[in-house]
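Trainee: have a look at this prediction, sequence included:
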Amino acid sequence: MQMDKPDIRRPKILIDNSGYELRNMGDVAMLVVAVQRIYEMYPDADLHIFTTEVDRLKKFVPGVKPVTLKGRRTWGMAWNILGGIHKLIPQQFHHDLLRLEQNIKINRPLLAKRWITFRLTKRGYDLSAMHQYLELVENADIVIATGGGFITDPFQEHAMQLLQTMAIAKHQGKPIAMFGQGLGPAESLDLLYWAKNILPKLSLLTLREQKNSLPFALRAGAEKSCIQVTGDDAVTLANSFTPERLGRCIGVNLRVATYSGVQQGQLNVIRNIFSQAGNELDAKLVPVPISFHDGDSDLASLKVLLGEENIDDSLDEAENIIKQVGRCRIVVTGSYHAGVFALSQGISVVGVASSDYYRHKFEGLADQFGGGCFIVDVEKTGFAIQLLQAIKSAWDNAELERDRLLAAASEQIQKADSAYLELKKIIEEVMEK
């Protein structure tokens, strides 16, 4: 008589990420690669991913289960435990009270859940999404975060919500891991508190680069044995589209945003430099947008730099942007992931930086690839001359840099593949219990 094979339970993985709207193609690329790697190990894995855009999630990573942010936001809402008590206490103590609330939710989640349910139900709140969120954390085999540069002051709120979800999971005995992380710069005491609370508890932490992120991780108390420097997960996707030879275009990206430091008034100066470089090198300027968010869309800047008639809104997919980069000999960018997409295909980069956030990103990227990445600081005297010189130098040396950049990309892909095998070991240990 033939014995039935025992059912093998599918691993249930809760995935947090760096862009819930999925309108930043760098965020999308990192998420896509992470999901692909997990499915290669576990084709039937039960993946749950936080998002505010269900249709876009299904488009980019079909088969996964979307998780609304509504439940986590209700759970994390200020004063949903202490209620109006804070109104009786001086303002200067409110910060400490909020920290107390956060720690109660993490260290006594069952008690907090009952009390919040009692309070908010009386006030007419629909708590179904909150309960779903807590049940997902409770039932997950592991909670992971895919790549991102969000543990930094400009994205403090995002980072703290993610880290607090991991804190709940860890308190409940779940392993937690983070991949492709760019850490810092950060001065916020709240953000540093949660980084120091969570990074030491990670089973695995992979970093985009070692120049700035590794010192940050070690200062935060992360275990050195759990840290791997693998590069950005998006390297894998971009490298898979590497053209046979360098193109003849100059890829252009620039972002006007509070965290980029680039001001609207600087675009005209930079536009003139791009125009001059294109004429002198007989190169076509092509747009390489990464962010399609309304608030910091690269399209708005690119329309000023290149002319509205030269901007194609249909580039709103990571693979399309990567292919556009593949047409280039060099890429001049104020966005980190335009640089990643280029260097991963053996294409040299000129990084335009005007904030510590982007200085850190480009410094780490240049260190990770060992060259082929020129950094020009908008704040320094002689910026215009330096930018034009960097563009010409990158153009002249592009062929010489190509093979070395591709070798660096290949090494990073191998390290990232190896890190996900470590993830598999962690999951298997959980599944065997």
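Mentor: Received it, and whenever you're ready, just let me know what you need.

Trainee: ok, what's across the strand from V286?
Mentor: Following DSSP bridges, V286 is listed with bridge partners G251.

Trainee: Q324 is in contact with that one, correct?
Mentor: Yes: between V286 and Q324 there is a contact at 6.2 Å, judged by CB atoms under 8 Å. Bear in mind the C-beta positions are built from the backbone N, C-alpha and C, glycine included.

Trainee: shared neighbours of the two, anything?
Mentor: G251 (CB atoms under 8 Å, 6 or more residues apart in numbering).

Trainee: any stretches of the stretch 251-400 of the chain with poor pLDDT?
Mentor: For the stretch 251-400 of the chain, applying pLDDT under 70 flags the ranges 257-265, 295-296, 313.

Trainee: show me where it has strands.
Mentor: Listed in chain order, the strands of the stretch 251-400 of the chain (DSSP state E, counting those that start in this stretch) span 284-287, 328-333, 348-353, 373-377.

Trainee: figure out which of those is closest to T242.
Mentor: strand 328-333 (12.2 Å; CB to CB).

Trainee: next, the angle strand 373-377 makes with the closest one.
Mentor: Taking axes from the mean of the first three to the mean of the last three CA atoms, to 10 degrees, one finds that strand 328-333 is oriented at 30 degrees with respect to strand 373-377.

Trainee: please identify the pairing partners of strand 328-333 and their relative orientation?
Mentor: With DSSP bridges as the test, strand 328-333 is paired with strand 249-253 (parallel), strand 348-353 (parallel).

Trainee: that one: how far from the chain's middle?
Mentor: Centroid displacement of strand 328-333 relative to its chain, using CA atoms, centre = their mean, to the nearest Å, is 22 Å.

Trainee: give me the contacts around that strand.
Mentor: With CB under 8 Å, 6+ apart as the test, strand 328-333 has contacts from 246-254, 274, 283, 286, 288, 325, 338-339, 341-342, 347-352, 387, 391, 394-395, 398.

Trainee: now list the buried members of those.
Mentor: By neighbour count, with 16 or more other CB atoms under 10 Å, those hold 246-247, 249-254, 274, 283, 286, 288, 325, 338-339, 341-342, 347-352, 387, 391, 394-395, 398 as buried.

Trainee: count the residues that sit near the closest residue to L97 other than its chain neighbours.
Mentor: Excluding the flanking residues, the one nearest L97 by CB to CB, 6 or more residues apart in numbering is H86, at 5.5 Å. Residue crowding around H86 was assessed by other CB atoms under 10 Å; the count is 16.

Trainee: mind listing what H86 touches?
Mentor: H86 touches 79, 94, 97, counting by CB under 8 Å, 6+ apart.

Trainee: before we move on, what about Q386?
Mentor: Q386 makes contact with 376, 380 under the criterion CB under 8 Å, 6+ apart.

Trainee: how near is it to V378?
Mentor: Q386 is 10 Å from V378, where distance means CB to CB, to the nearest Å.

Trainee: before we move on, what about L285?
Mentor: The gap separating L285 from V378 is 19 Å, by CB to CB.
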